[in-house]
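**Student:** Okay, sequence plus prediction incoming.
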Amino acid sequence: MTSTLYKIPQSVLVVIYTPSGQVLLIRRADAGTWQSVTGSKDFEDEDWADTAAREVFEETGIDARHPQCRLQDWQLENVYDIYPAWRWRYAPEVSRNTERVFGLSVPEQTPITLSPAEHTDWQWLHWQAAADHCFSPSNAEAILMLPRFENRIGL
């Protein structure tokens with residue numbers, strides 16, 4: 001386990017969805033933009049799935065390990081430049097982040113409990129509308145891939 005003063009430039013993006021094709025979006029408290037669950041590893045060796053489950057719980061109150069939920073590593077990674085406004089969170093030599101993409105199937109009407117320090121609102125949108133509503137292009141692209149990874153949703 002590595003301790004650091006800086007954020008680790010490895011994060012997860014978790015697309016949370018229902019069998020009917022509704023996708024959960026949460027509004028960031030700091031920027032007011034809509035997104036799926038995201039978050040960085042707490043330590044370098046933290047397992048991707050553990051990071052995803054932890055971030056989902058911290059940001060939405062959903063237990064991704066619950067038997068009615070299904071967390072799936074989509075085996076996709078986005079590598080992108082860190083926005084200049086957020087670079088101060090990372091070590092001075094760090095300019096890029098690697099983001100691992102997951103999907104999380106949850107039952108219809110799953111209750112949401114936001115972390116008020118991070119998010120101010122939430123909404124369920126049909127997957128195509130959710131993609132249009134996202135601030136982040138990689139988030140929108142991940143949502144648009146949902147039918148490829150989940151053939152059981154009502155598209």
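**Tutor:** Right, received. Where do you want to start? Just so you know, these numbers come straight off a predicted model, no measurement behind them. Numbering: from 1, shown residues only.
**Student:** what about the helices in the protein?
**Tutor:** Counting by DSSP state H, residue ranges of the helices within the chain are 48-60, 127-133, 137-144, 146-149.
**Student:** Quick one: low-confidence residue ranges for this structure.
**Tutor:** Counting by pLDDT under 70, the chain contains low-confidence ranges at 1-4, 151-155.
**Student:** so where's the longest strand in it?
**Tutor:** With DSSP state E setting the assignment, residue counts place strand 70-81 as the longest strand in the chain.
**Student:** So which bits of that one are buried?
**Tutor:** Neighbour-count burial for strand 70-81, with 16 or more other CB atoms under 10 Å as criterion, is recorded at 71-72, 74, 78. C-betas here are computed from N, CA, C, even on glycine.
**Student:** Stretch 6-18 now?
**Tutor:** Taking 16+ other CB under 10 Å as the basis for neighbour counts, the residues of stretch 6-18 that come out buried are 7-18.
**Student:** In strands only, show me the residues you listed.
**Tutor:** Where the buried residues of stretch 6-18 overlap with strands, as defined by DSSP E, the overlap consists of 10-17.
**Student:** give me every residue that touches Arg96.
**Tutor:** For Arg96, the contacting residues are 9, 79-82, by CB atoms under 8 Å, 6 or more residues apart in numbering.
**Student:** Roughly how far does it sit from Val79?
**Tutor:** 6 Å (CB to CB, to the nearest Å).
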